[in-house]
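Visitor: model this:
(one chain, ligands or ions: 3)
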Amino acid sequence: MLKIKNLHASVEGKEILKGINLEINAGEVHAIMGPNGSGKSTLASVIAGKEEYEQTNGEIILENEEISELEADERAHKGVFMSFQYPVEIPGVSVTNFMKTAINETRKAQGLKDMPAKEMLKKIREKSELLEIDRKFLSRSLNEGFSGGEKKRNEIFQMAMLEPKLSILDETDSGLDIDALRIVSNGVNKLRSKDNAVVVITHYQRLLDYIVPDYVHVLLDGKIVRSGGKELAHKLEEQGYDWIKEEVKVEG
Ligand code: ADP
Ligand code: MG
Ligand code: MG
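Guide: Numbers count the residues shown, from 1 in each chain. Ligands and ions are numbered 1, 2, ... in the order given. Model prediction:
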């Protein structure tokens, strides 16, 4: 589904990603961990195509198509979804109406007509039931006065409605409380399928008790220095990152 080769990227002229290689297949969940400032959010942003981040080398291949030159919205239309650490407030636009617009924008980009209203309502009903989102929430104004948990609920609802191929959830700095943690992990687990893939970026092992990853990668100073199974996350929880830093230093 996604192949990243020798990815280098800079922010404001400073190189942050220094040669990332990563391969993600449909049906897999990958966790990316690493100390603060190691480049996790940068990696997510570069994959999603955020414009502040300059890809200086390497390839990002989504289903056999090189997407490095595409704008963020074009990548989104091809099925790349990224959660927002700091979602914007849009007063006066309800969760439902925002979602309808997002779906129809995507369809337009794919050369399709608007989704018929009846089908849209059915889909909203199905997905909100799956995620246990109540009707009142759907008519709330987007992100206005949302609690941390409600922001997460909205994000996961977007993911459910848009049915992305690849979801990148950057939870690093969001300080998930237990309620938000439950919403994100239940949502992701319900939306996992053999046809999609999820990348969970997290500073904390705790989230990975709920969303069990197939692979764990450790990012250190802009490079993936270790990859393993979920046991790697447990080891990091117990021993921190220092042992990896030492090993990497010794390896030169
Ligand atoms: P992580 O998510 O692993 O904590 P980041 O990707 O946020 O790491 O940051 C990696 C490095 O890139 C840091 O040194 C950070 O200061 C820098 N950086 C990230 N985004 C920006 C930005 N928009 N402007 C300036 N520097 C940035
Ligand atoms: Mg950070
Ligand atoms: Mg981050």
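Visitor: Please identify the helix or strand for His203.
Guide: Under DSSP states H and E, no helix or strand contains His203.
Visitor: Number of residues surrounding it?
Guide: His203: 17 surrounding residues under other C-beta atoms under 10 Å. Yep, even glycine has a C-beta here, placed from its N, CA and C like the rest.
Visitor: Same check on Leu176?
Guide: Leu176 - counted by other C-beta under 10 Å - has 20 other residues nearby.
Visitor: Return the residues in contact with it.
Guide: Counting by C-beta atoms under 8 Å, 6 or more residues apart in numbering, Leu176 touches 148, 152, 184, 207.
Visitor: again, 10 Å this time
Guide: The neighbours of Leu176, taking C-beta atoms under 10 Å, 6 or more residues apart in numbering as the test, are 148-149, 152, 182-185, 202, 204, 206-207.
Visitor: Could you check how far it is from Ser185?
Guide: Leu176 is 9 Å from Ser185, where distance means C-beta to C-beta, to the nearest Å.
Visitor: shared neighbours, the two?
Guide: 152, 206-207.
Visitor: Any idea how many residues pack against the closest residue to ligand 3 within the stretch 1-150 of the chain?
Guide: Using C-beta to the ion, Ser41 is the residue of the stretch 1-150 of the chain that sits closest to ligand 3, at 3.1 Å. Neighbours of Ser41 under the rule other C-beta under 10 Å: 20.
Visitor: how much space between it and Ile124?
Guide: Ser41 is 30 Å from Ile124, where distance means C-beta to C-beta.
Visitor: Find the residue ranges of the stretch 151-252 of the chain scoring beneath the pLDDT cut-off.
Guide: By pLDDT under 70, the low-scoring segments of the stretch 151-252 of the chain are 172-175.
Visitor: Which stretches in it count as strands?
Guide: Ranges of strands in the stretch 151-252 of the chain, per DSSP state E, counting those that start in this stretch, are 166-170, 197-201, 215-220, 223-228.
Visitor: what angle do the first one and strand 197-201 make?
Guide: Here strand 166-170 points in a direction 10 degrees away from that of strand 197-201 (axes from the mean of the first three to the mean of the last three C-alpha atoms, to 10 degrees).
Visitor: Sheet-wise, list the partners of strand 166-170 with their directions.
Guide: Take DSSP bridges as the rule and strand 166-170 pairs in its sheet with strand 80-82 (parallel), strand 197-201 (parallel).
Visitor: what's the answer for the last one, then?
Guide: The strands that strand 223-228 pairs with in its sheet are strand 215-220 (antiparallel) (by DSSP bridges).
Visitor: ok, back up a step: would you list the strands of the stretch 151-252 of the chain in a markdown table and tack on distance to ligand 3 and mean neighbour count?
Guide: Below are the strands of the stretch 151-252 of the chain laid out as a markdown table (distance: least, C-beta to the ion, whole Å; neighbours: other C-beta atoms under 10 Å):
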| stretch | distance to ligand 3 | mean neighbour count |
| --- | --- | --- |
| strand 166-170 | 6 | 23 |
| strand 197-201 | 7 | 24 |
| strand 215-220 | 10 | 21 |
| strand 223-228 | 15 | 17 |
